[in-house]
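> The amino acid sequence is not available; the structure is as follows:
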């Protein structure tokens, strides 16, 4: 019964604006709402904004001098649960979300002796916000990339809020979490905590050495 | 000055429900709104529901006995403007929209002596409706498929309406067309008519015979 | 230690051709290769071709007289591991794959008292084949839809083969499984069996009744 | 007869590596091959690598001090034909391609008195290369974004090369352009030049002032 093992979550907010911006981030709010839903399940989490760091373009785990990715990568791999948070632009995840996924491409060639990529045994969720339209497509491409590089996707791991077509409301301006989103956040939180615990106790065995 | 050549539009409504259904189709309403916006530009159009026909699975232009595609295909190719109308299910176009695109795969191998596919010189628009989320992704995959098989995509050819995340309103229940959608419909209609006329007067030359 | 619990897999081959077709199905071969990789892990599986059945369009679990989905749905839910196998047409999953996913849309409103959808605790893999290009996009939209309706996606659950751009070789004509695909199949099989066993022993708790 | 009006093309290569890299860029080669196919049609073109510039994150046309986008944006709008060239990473366009599209989001609110976005009357093509898989999905999301912000997509505007699944050959190592790609390049070049000329002579009228 691994039910009360403490778990760590790490979230990357891929907003285009750094935290020094004077406007609050809707993506931050969604991540915070998700972490709040995880707290009763023994999950503590931290969030960083990718726009606060100089994450270099490239597909290696370390792109050299000044590259902020190695430190963020370390925190991704120290956590049990990874949350990719992204706003939607033109219907798709932000360029910073693609940057993060690109940097994880390196995991494909960093397998251990049992042919397991570094995130094996960790779970990932994708939190998406936009004025309008693009959440399912964002979940789709993010789930695929995260799964390709070794993360497990617990049931119902895509959380989101978007407004009606072509309107301008932001999630930061949604005063009360709508009931279906409340249910979505609770479900994602419960599922992620449960699955992260199962995998933390018994990770994937991988393939026999030399397979 | 080709500005008053009459133009013909043909729309396929890829709703999962046949027209005998007792519930009105939101996709039908969006197509009707788009055709109404085209009328002042000299475009007359007709619509059919794919669910009313037995469009067989396959990637040939005629899948044999009982296949309703050859007659629909003929109407697509007799029109100057093709409108693909689809509802969104799980964030993406309906299975009937994919069926229509699959049947158009045959165009790839039906080139004329100038290496032009049958829809060359025709323009396509994509009209999408859903309770929530999925319009941009639907436009994306439909634009790509239609363009691959020879259609031209006029500027701003994706029209859509979707509601707020996880709510249940349908486009048929939207009483007044919201202003941004009104602008979107007017723009798409004007652009499609303009470009269809230019291409009707001077179609793509294609490649020299034997290239 | 749940390590030798027997597991059942069920695969739906979404090829456009029925099994009566005189040409072998590349999707069938990929599914068979994946099931073969699962056998050493105590997984036995069966496959059906969607094109052999009359799966009606719609988003209810039973679309009435003549609908073949209820029987297939039952087999999906009796298995521990679901494999969605699809060919690629114009860069995306087949219309029959979309049909299957659409029918699973009903799971969204079939939650039990703990707010769990019917596939909760089951894992899903996506097996894709094409002459060329489209596998990652197919994985993406299928993972998202399957995850939305309650399936868990084990690490590295997307398996595929596609040929070089615009060439015509089929997977059935690939005589020896290429080494990277062999590794991909072994990994997916091992991960799926491991995770399906963990979840079979301890499924997601869901939310408290009345949450 | 506008057939010999000289046309200008401008290409952005969204490779993750700057031109100072010691390895040649496959995306560069594809763009060069496409420009070469355009030359006989009276099109002259230039290419820039986005990675050589400091294109700031954001969705305004000018993100302030040090932002290289305003100068690139000017060149996009001075050309008749825009080519977005991108490599594929994890099945999708590069983060720099998303960055370029994000910056074009500003076009949505920069309409003239006839409600036309700045790229109205210009055509766009999308050139994609990868070791393997992802071209159609890249075309799809790029076509949709470019069309949303006002570009017209000529018939058959997606050009690409990708290798067989999970292999490592690059397009720079493809010694002779394969015949189907040759045809694809010729067709895209011919169509783009034809349509750019038609639209240069008679651009979209847009909507009446005050509509």
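Looks like it arrived, so ask away. As the structure is a prediction and not an experimental result, all values here were calculated from the model.
> Centre of the chain to the helix or strand residue A:35 falls within, how far?
Assessed by DSSP states H and E, residue A:35 sits inside helix A:26-38. Relative to its chain's centre, helix A:26-38 lies at 11 Å (C-alpha atoms, centre = their mean, to the nearest Å).
> Next secondary structure element downstream of that helix?
Going down the chain from helix A:26-38, the next helix or strand is strand A:43-49, by DSSP H and E.
> tell me what that following strand is packed against?
strand A:7-13, helix A:26-38, helix A:69-78, strand A:81-89, helix A:179-201 (3 or more C-beta pairs under 8 Å, 6 or more residues apart in numbering or on different chains; DSSP states H and E). C-beta: built from backbone N, CA, C; applies to glycine.
> Please repeat the previous calculation with a cut-off of 6 Å.
strand A:7-13 (3 or more C-beta pairs under 6 Å, 6 or more residues apart in numbering or on different chains; DSSP states H and E).
> Run through who's touching the strand it packs on.
Here strand A:7-13 makes contact (C-beta atoms under 6 Å, 6 or more residues apart in numbering or on different chains) with A:27-28, A:31, A:42-43, A:45, A:47, A:49-50, A:75-76, A:79-83, A:85, A:100, A:196.
> for stretch A:54-61, same thing?
For stretch A:54-61, the surrounding residues in contact (C-beta under 6 Å, 6+ apart) are A:63, A:66, A:67, A:68, A:69, A:73, A:99, A:102, A:105, A:106, D:16.
> Now do the closest residue to the last one other than its chain neighbours, the pLDDT please.
Closest residue in space to residue D:16, ignoring its immediate chain neighbours: residue A:57 at 4.2 Å, by C-beta to C-beta, 6 or more residues apart in numbering or on different chains. You'll see residue A:57 listed with a pLDDT of 98.
> Helices - which of the contacts of stretch A:54-61 land there?
Of the positions in the contacts of stretch A:54-61, A:69, A:73, A:99, A:102 sit in helices, assigned by DSSP state H.
> can you tell me how far residue A:170 sits from residue C:92?
Separation of residue A:170 from residue C:92 (C-beta to C-beta, to the nearest Å): 32 Å.
> So which of the two has more stuff around it?
Ranked by neighbour count (other C-beta atoms under 10 Å in any protein chain shown), residue A:170 and residue C:92 place residue C:92 first, with 29 against 17.
> mean confidence for the helix holding residue A:35?
Across helix A:26-38, the average pLDDT comes to 98.
> Give the buried residues for it.
Neighbour counts using 16 or more other C-beta atoms under 10 Å in any protein chain shown place A:26, A:27, A:28, A:29, A:30, A:31, A:32, A:33, A:34, A:35, A:37, A:38 of helix A:26-38 among the buried residues.
> does the second one really touch residue A:85, like I thought?
Yes - proximity of residue A:27 to residue A:85 meets the contact threshold set by C-beta atoms under 6 Å, at 4.6 Å.
> got the residues of chain A near chain C?
Within chain A, the positions near chain C by C-beta under 6 Å from any C-beta of the partner chain are A:120, A:136, A:139-141, A:143-144, A:147, A:150, A:152-155, A:157, A:186, A:191, A:194, A:198, A:204, A:207.
> Now intersect these with the helices, please.
Using DSSP H, the residues of chain A next to chain C in helices are A:136, A:139, A:140, A:141, A:143, A:144, A:147, A:186, A:191, A:194, A:198.
> Return a PyMOL selection command for the buried portion of the residues you listed.
Burial among those is assessed by 16+ other C-beta under 10 Å; the matching PyMOL selection reads:
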select buried, chain A and resi 136+139+140+141+143+144+147+186+191+194+198
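> Out of the ones in helices among the residues of chain A next to chain C, which are close to chain D?
Answer for these near chain D (C-beta under 6 Å from any C-beta): residue A:141.
> mind putting the ones in helices among the residues of chain A next to chain C in a markdown table, pLDDT included?
Below are these laid out as a markdown table (pLDDT from 0 to 100):
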| residue | pLDDT |
| --- | --- |
| A:136 | 98 |
| A:139 | 98 |
| A:140 | 98 |
| A:141 | 98 |
| A:143 | 98 |
| A:144 | 98 |
| A:147 | 98 |
| A:186 | 98 |
| A:191 | 98 |
| A:194 | 98 |
| A:198 | 97 |
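> Make TSV from the ones in helices among the residues of chain A next to chain C and add distance to residue A:127 to it.
Shown next, in TSV, are those (distance: C-beta to C-beta, whole Å):
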residue	distance to residue A:127
A:136	13
A:139	9
A:140	14
A:141	14
A:143	12
A:144	16
A:147	16
A:186	14
A:191	14
A:194	18
A:198	22
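> how much space between residue A:69 and chain D?
Separation of residue A:69 from chain D (C-beta to the nearest C-beta, to the nearest Å): 12 Å.
> which stretches of chain A aren't confidently modelled?
A:1-3, A:210-211 (pLDDT under 70).
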